[in-house]
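In: coords please:
(chains A, B, C and D)
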Protein chains: 2
Amino acid sequence: MRIGELARRSGVSTRALRHYEEKGLLAARRGANGYREYDEADVRLVQEIRALMAVGFTLEDARPFVACLRAGNESGGVCPESVDVVRRKLTEIDTEIRDLMARRDEMLRRNT
Amino acid sequence: MRIGELARRSGVSTRALRHYEEKGLLAARRGANGYREYDEADVRLVQEIRALMAVGFTLEDARPFVACLRAGNESGGVCPESVDVVRRKLTEIDTEIRDLMARRDEMLRRNT
DNA sequence: CTAAACCTTCACATCAGCGTGAAGGTCAAG
DNA sequence: CTTGACCTTCACGCTGATGTGAAGGTTTAG
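Out: Now for the predicted structure:
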């Protein structure tokens, strides 16, 4: 399929897809006319990326997951690099939550 | 005092001070040579801005506080506009905390 | 054959809060 | 007179993930 269909099927813009390619997260074969050609596996790749972004991952964070899927694994999260990223993300989120709660308390204290 | 001293006394860069001025948060008299001239009240203004930013306010958020101080109030938080911003900020922070916790849960669920 | 609907590659714009020079004026000390 | 430490006004760079044209080639349906 071409980029427009992949965009529709994965729910992202064509611009985003080209961006993922530019960042090395997505690869495309090229047709004789220069058009990008994708297959079903690419749909899953993009969905994986979006699912990760939905929980706060950056494209950089998603990289090992994509590599894991490309390596033939059924899930992008089974590779050790992915696990590392998940752990890092969890501590990042926890830190952020603690920071926000501290700020909240600080604001309430100031207000009294 | 000039910008360098204000910077030292309030703990920010001269660049930041010029930025605050550009954003309309800080006003400066100008000496005959074109140099910015500040007084004690400006030190308090900048400290107020930094205190607000420390708890997650943007410069835009800080605007009503600065106006409130300029209006002669001893605290920047006593004006109704400031109170509004504080309330908005609290709900923003609460929303963000809830989002982060939801993401955390989502990540943990995916991992099992 | 033509117009719509695709596709291509640049490349600047956005949001925030500055950092970091560039190029140059001012002023006190030695 | 000359450093050197100030100050001035531009104006681009950074981070992330696209949005938004520009300018043009391709394909497809009628």
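
In: Write out the residues of chain A neighbouring DNA strand D.
Out: A:12-13, A:15-16, A:19, A:31-34, A:53, A:58-60 (C-beta under 7 Å from any atom of the strand). C-beta: built from backbone N, CA, C; applies to glycine.

In: what's around the residue of chain A found nearest DNA strand C, how many residues?
Out: The minimum distance from chain A to DNA strand C, using C-beta to the nearest atom of the strand, falls at A:G4 (2.5 Å). When neighbours are counted by other C-beta atoms under 10 Å in any protein chain shown, A:G4 registers 12.

In: In contact with it, which residues are there?
Out: A:T14 (C-beta atoms under 8 Å, 6 or more residues apart in numbering or on different chains).

In: Would you double-check that it falls in a helix?
Out: Yes - using DSSP: H, G, I helix; E, B strand; the rest coil, the assignment for A:G4 is a helix.

In: what ranges do the helices span in chain A?
Out: A:3-10, A:14-22, A:40-54, A:59-70, A:80-111 (DSSP state H).

In: quick one: the first one to chain centroid distance?
Out: When you say that, I think you mean helix A:3-10. Counting by C-alpha atoms, centre = their mean, to the nearest Å, helix A:3-10 is centred 16 Å from the centre of its parent chain.

In: tell me the pLDDT at the residue nearest to A:A16 when sequence neighbours are not counted?
Out: Here the nearest residue to A:A16 in space, its sequence neighbours aside, is A:A7; by C-beta to C-beta, 6 or more residues apart in numbering or on different chains that works out to 7.8 Å. Predicted confidence (pLDDT) for A:A7: 96.

In: count of neighbours near A:A7?
Out: 19.

In: if I pick it, what's in contact with it?
Out: A:13-14, A:16-17.

In: repeat for A:G76
Out: Contacts of A:G76 (C-beta under 8 Å, 6+ apart): A:48, A:52, A:64-66, A:68-69, A:82.

In: will you turn these into JSON lines that also has distance to A:L100, pLDDT and neighbour count?
Out: Converted to JSON lines, the contacts of A:G76 look like this (distance: C-beta to C-beta, whole Å; pLDDT from 0 to 100; neighbours: other C-beta atoms under 10 Å in any protein chain shown):
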{"residue": "A:E48", "distance to A:L100": "28", "pLDDT": "95", "neighbour count": "20"}
{"residue": "A:L52", "distance to A:L100": "22", "pLDDT": "95", "neighbour count": "25"}
{"residue": "A:P64", "distance to A:L100": "27", "pLDDT": "96", "neighbour count": "19"}
{"residue": "A:F65", "distance to A:L100": "27", "pLDDT": "96", "neighbour count": "26"}
{"residue": "A:V66", "distance to A:L100": "30", "pLDDT": "96", "neighbour count": "23"}
{"residue": "A:C68", "distance to A:L100": "31", "pLDDT": "96", "neighbour count": "21"}
{"residue": "A:L69", "distance to A:L100": "33", "pLDDT": "95", "neighbour count": "21"}
{"residue": "A:S82", "distance to A:L100": "27", "pLDDT": "95", "neighbour count": "24"}
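
In: So which bits of the lowest-mean-pLDDT helix or strand in chain A are buried?
Out: The helix or strand with the lowest mean pLDDT-type score in chain A, counting by mean pLDDT, DSSP states H and E, is helix A:80-111 (a mean of 92). Judged by neighbour count (16 or more other C-beta atoms under 10 Å in any protein chain shown), helix A:80-111 contains these buried residues: A:82, A:85-86, A:89, A:93, A:96-97, A:100, A:103-104, A:107.

In: now these as JSON lines including distance to B:E74?
Out: Listed next are the buried residues of helix A:80-111 as JSON lines, based on distance: C-beta to C-beta, whole Å:
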{"residue": "A:S82", "distance to B:E74": "54"}
{"residue": "A:V85", "distance to B:E74": "49"}
{"residue": "A:V86", "distance to B:E74": "49"}
{"residue": "A:K89", "distance to B:E74": "44"}
{"residue": "A:I93", "distance to B:E74": "39"}
{"residue": "A:E96", "distance to B:E74": "34"}
{"residue": "A:I97", "distance to B:E74": "34"}
{"residue": "A:L100", "distance to B:E74": "29"}
{"residue": "A:R103", "distance to B:E74": "24"}
{"residue": "A:R104", "distance to B:E74": "25"}
{"residue": "A:M107", "distance to B:E74": "19"}
